[in-house]
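**Student:** Take a look and give me a structure for this.
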Amino acid sequence: MRRKVVITIMVVIGLAVISCFGVWSFWYKGNKAPTFRTAPVKRGDLVATISATGTVEPEEVVDVGAQVAGLISTFGKDKHGKFIDFGSVVDAGTVLAKIEDSLYVAAVDTAKAQYQQAEANKISADANVLQMKAKLLQARQDWDRAQKLGPSDALAQSVYDQYKANYEVAKANLAAAEAAVEQTKAAVAQAKASLTSARINLSYCTIKSPVKGVIVDRRVNIGQTVVSSLSAPSLFLIAKDLKRIQVWVSVNEADIGNISKDQPVTFTVDALPSQVFQGQVGKIRLNATMTQNVVTYTVEVNTNNDDGKLLPYLTANAQFVIGRRQGVLLVPNAALRWSPRPKQVVPESRQMQHARAGSSSRDSSGGSDTVAAPQGRGTLWVEQEKFVRPARVKTGLTDGTLTQVEGDDLTEGLRVVIGEATKETSDSPSAERSPFTPQVGRGQRPGQPGSGGPGGER
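**Tutor:** Got it, this is the predicted structure:
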């Protein structure tokens with residue numbers, strides 16, 4: 001009996017504890033009133049940019065190839081007396097490499113012999129012309145005497161005809177000899193051209209630098225055979241002047257309208273992440289490329305490289321400056337995106353809020369019946385006791401994190417709502433994080449356009 005009483009008392013106590021916990025939980029949850037996360041309106045400078053990536057390229061590159069086939073026998077030496085290699089500094093005319101030239105020397109010797117034979121044939125033909133002229137002179141004199149005598153008792157008709165025939169044959173032989181001279185002249189010219197061609201091919205066995213510059217790439221080794229058939233094989237890549245560097249940047253078609261000649265550009269390279277380089281737009285190439293239905297244009301950015309820090313083919317992260325503002329009021333973009341629920345607005349502003357509800361949209365905080373501001377305009381919300389009141393503003397430039405704003409109700413230091421949090425969230429240290437410290441998301445750089453900023457001029 002006593003045991004049953006103890007069990008009953010324990011059950012009653014347990015039920016009482018559960019009831020108290022339920023009442024406390026209900027009361028606690030019901031009193032977790034939402035709080036607003038705010039950020040101050042600050043005055044500062046703003047730079048609006050377009051982000052894109054590109055590659056550092058020498059301004060002018062010469063591709064040196066081989067015009068004859070053969071075996072690379074040796075490399076030349078640079079201005080410091082070292083064999084040509086990557087990074088060698090060369091002058092115009094510096095020997096870069098030599099191709100084994102035995103076959104080409106033999107071809108020159110053959111062409112030279114043929115030229116000498118053609119010259120000898122021409123001399124022989126000239127002598128033959130002189131001989132034919134002498135025979136023609138004799139035949140003409142005989143024919144002249146025969147004509148004075150004429151066919152008579154002193155000169156038989158057959159002899160008369162023979163003198164005439166000898167004269168005609170002599171004229172024909174002279175013409176043939178003179179034609180042979182012209183033929184030998186052509187043969188001499190042909191042999192001379194063949195000799196010149198053979199000598200040029202022999203000279204091609206010595207690869208020389210056409211310009212002054214730096215060897216960016218050496219693509220052959222000693223002992224390697226180069227074959228020149230339909231196209232000349234590339235042996236060396238020479239940058240004319242590495243102090244003048246370009247960055248070839250791929251810009252999306254949506255942003256290309258904001259790019260113009262001489263526009264200032266800043267960029268960084270992964271090799272020197274802490275250094276910002278300056279440049280300006282030199283040219284927008286019109287040969288756009290399409291990759292997976294994305295159209296991009298190549299923009300050439302000119303920059304100075306006197307210190308030689310920029311190396312060819314580094315990846316560059318470029319920022320095209322499309323606008324600057326100094327000493328303007330700035331708010332986080334989150335303040336322009338956030339909109340309250342109707343019950344959170346001060347009573348005197350609710351009627352105006354509902355009047356615009358036709359173009360409302362639901363924001364990320366889960367609220368409904370919010371009003372989308374027209375482009376170039378926006379609404380900031382200022383905390384007023386348990387409610388918020390609207391502050392109409394005009395929006396300007398944005399860098400993807402902060403936006404320039406103007407408005408009669410705005411003052412520096414005014415705190416505007418950027419979000420909503422429960423009491424536990426507001427008490428946590430993370431809730432105190434300043435929205436003016438850009439938070440970099442996946443695939444997003446600080447200040448990159450297209451990060452969800454408000455509308456307005458860029």
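
**Student:** got a list of what residue 387 touches?
**Tutor:** 344, 345, 346, 347 (CB atoms under 8 Å, 6 or more residues apart in numbering). No exception for glycine: its C-beta is placed from N, CA and C like everyone else's.

**Student:** hmm, try it at 6 Å
**Tutor:** Residue 387 sits next to residue 346 when contact means CB atoms under 6 Å, 6 or more residues apart in numbering.

**Student:** Need the pLDDT of residue 360.
**Tutor:** Listed pLDDT for residue 360 reads 44.

**Student:** The protein: helices as residue ranges?
**Tutor:** 2-30, 102-149, 157-203, 333-337, 347-355, 423-427 (DSSP state H).

**Student:** closest one to residue 54 among those helices?
**Tutor:** helix 333-337 (26.7 Å; CB to CB).

**Student:** Centre of the chain to that closest one, how far?
**Tutor:** Taking the mean of its C-alpha atoms, helix 333-337 sits 36 Å from the chain's own mean (CA atoms, centre = their mean, to the nearest Å).

**Student:** Residue ranges in the stretch 251-400 of the chain under the pLDDT threshold?
**Tutor:** 351-375 (pLDDT under 70).

**Student:** care to break the protein down by domain?
**Tutor:** Domain assignment for the chain by automatic domain parsing gives 35-47+327-432, 51-57+244-324, 68-100+205-239, 103-203.

**Student:** what's stretch 254-265 in contact with?
**Tutor:** By CB under 6 Å, 6+ apart, stretch 254-265 touches 50, 279, 280, 281, 297, 299, 301, 318, 320, 321, 322.

**Student:** As a check, name the ranges of all strands in the stretch 301-450 of the chain.
**Tutor:** For the stretch 301-450 of the chain, the strands defined by DSSP state E, counting those that start in this stretch occupy 315-332, 360-361, 370-371, 377-384, 387-398, 402-406, 415-421.

**Student:** now the last one: how far from the chain's centre is it?
**Tutor:** In terms of CA atoms, centre = their mean, the centre of strand 415-421 is found 43 Å from the chain centre.

**Student:** which phi and psi does the nearest residue to residue 227 once chain neighbours are set aside have?
**Tutor:** Nearest residue to residue 227, sequence neighbours excluded (CB to CB, 6 or more residues apart in numbering): residue 69, at 4.8 Å. With angles defined as degrees, to the nearest 10, residue 69 sits at phi -100, psi 150.

**Student:** distance of residue 69 from residue 338?
**Tutor:** Per CB to CB, to the nearest Å, residue 69 is found 72 Å from residue 338.

**Student:** remind me which residues of the stretch 101-250 of the chain are low pLDDT?
**Tutor:** 152-154, 230.

**Student:** which residues touch the closest residue to residue 105 other than its chain neighbours?
**Tutor:** Excluding its sequence neighbours, the residue lying closest to residue 105 (CB to CB, 6+ apart) is residue 202, at 6.3 Å. By CB under 6 Å, 6+ apart, residue 202 lies in contact with 101, 104, 108.

**Student:** wait, doesn't the second one sit right on residue 201?
**Tutor:** Yes. Here residue 104 lies in contact with residue 201, judged by CB atoms under 6 Å, at a distance of 5.2 Å.

**Student:** Looking at these two, which is more packed in?
**Tutor:** residue 104 (20 against 17; other CB atoms under 10 Å).

**Student:** I'd say residue 310 and residue 55 touch.
**Tutor:** No. Using CB under 6 Å, residue 310 and residue 55 do not qualify as a contacting pair, with a distance of 11.1 Å.

**Student:** Enumerate every residue touching the residue most central in space within the chain.
**Tutor:** With distances taken as CA atoms, centre = their mean, the residue of the chain nearest its centroid is residue 248 (2.9 Å). Residue 248 makes contact with 54, 55, 57, 298, according to CB under 6 Å, 6+ apart.

**Student:** again with residue 37
**Tutor:** 418, 419, 421.

**Student:** Distance-wise, check the last one relative to residue 381.
**Tutor:** Taking CB to CB as the measure, residue 421 falls 15 Å from residue 381.

**Student:** who's more crowded, those two?
**Tutor:** Taking neighbours as other CB under 10 Å, residue 421 and residue 381 compare with residue 381 leading, 23 against 16.

**Student:** what bridges to that one?
**Tutor:** Going by DSSP bridges, residue 381 is paired in beta bridges with residue 390.

**Student:** thinking it is in contact with residue 392, fair?
**Tutor:** No. Taking contacts as CB under 6 Å, residue 381 lies outside contact range of residue 392: 10.9 Å.

**Student:** Name the nearest of the contacts of residue 202 relative to residue 215.
**Tutor:** Here the nearest of these to residue 215, counting by CB to CB, is residue 101; it sits at 22.7 Å.

**Student:** For stretch 71-85, buried residues please.
**Tutor:** 72, 75, 76, 78, 84 (16 or more other CB atoms under 10 Å).

**Student:** Restrict it to CA atoms and write it as PDB.
**Tutor:** Taking C-alpha atoms only, stretch 71-85 is exported to PDB below (Å, rounded to 0.1, in the frame of the first residue of the first chain):
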ATOM      1  CA  LEU A  71      69.300  18.400 -87.900                       C
ATOM      2  CA  ILE A  72      69.900  21.000 -85.200                       C
ATOM      3  CA  SER A  73      73.700  20.900 -84.900                       C
ATOM      4  CA  THR A  74      74.400  23.700 -82.400                       C
ATOM      5  CA  PHE A  75      73.000  26.800 -80.700                       C
ATOM      6  CA  GLY A  76      74.300  30.300 -81.100                       C
ATOM      7  CA  LYS A  77      75.400  32.500 -78.200                       C
ATOM      8  CA  ASP A  78      73.700  35.500 -76.800                       C
ATOM      9  CA  LYS A  79      75.200  38.900 -76.000                       C
ATOM     10  CA  HIS A  80      76.600  37.600 -72.700                       C
ATOM     11  CA  GLY A  81      78.500  34.800 -74.500                       C
ATOM     12  CA  LYS A  82      76.200  32.000 -73.300                       C
ATOM     13  CA  PHE A  83      74.400  29.500 -75.500                       C
ATOM     14  CA  ILE A  84      70.900  30.500 -76.500                       C
ATOM     15  CA  ASP A  85      68.300  29.400 -74.000                       C
END
